[in-house]
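Return a 3D structure for these sequence lines:
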Amino acid sequence: MSLEVNIPEVVAEMTAAFMRYEKALTGNDVDVLDELFLNSPLTLRYGVTENLHSYDEIKAFRAGRPSAGLEREIYNTRITTYGRDFATANTEFKRKNSSKTGRQSQTWIRTPDGWRVVAAHVSLLEG
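Sure, this is the predicted structure:
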């Protein structure tokens, strides 16, 4: 079996989905954030201070999260697609007034409804 990596049109689709997520994240558009995570008990998100083990836990976290100070600068973003239906998105970020570097990793799959995150991890590094 041959798996084609980074088919240009798939990378473009996935990059658009990732940037839609980024815009929703920094704008606290909870409806779009909820939409972009796969609605499944198997979906997970490990955050800086929380481990969320289902879509329902992720959705509840988003609903209760503070909406101030979400702006950030992203860099070293890497989108990699494997075939037409699987991708990873990794980026680093800095928030204003913080010396910490953040790291975000996401695993995405194509569904009949579009690209969805099935696993995510966010962590911070000191200075």
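
excluding its backbone neighbours, what's nearest residue 41?
residue 54 (4.5 Å; CB to CB, 6 or more residues apart in numbering). Glycine gets a C-beta too; all of them are placed from N, C-alpha and C.

how much space between the one you found and residue 74?
According to CB to CB, to the nearest Å, residue 54 and residue 74 sit 27 Å apart.

just for this structure, where's the confidence low?
1, 127 (pLDDT under 70).

OK, contacts around the residue nearest the centre of it?
The centre of the chain sits closest to residue 106, judged by CA atoms, centre = their mean, with a distance of 4.8 Å. For residue 106, the contacting residues are 18, 21, 88, 89, 90, 117, 119, 120, 121, by CB atoms under 8 Å, 6 or more residues apart in numbering.

Given the host helix or strand of it, what are its sheet partners and their directions?
Per DSSP states H and E: residue 106 is located in strand 101-111. Taking DSSP bridges as the criterion, strand 101-111 sits next to strand 86-94 (antiparallel), strand 114-125 (antiparallel) in its sheet.
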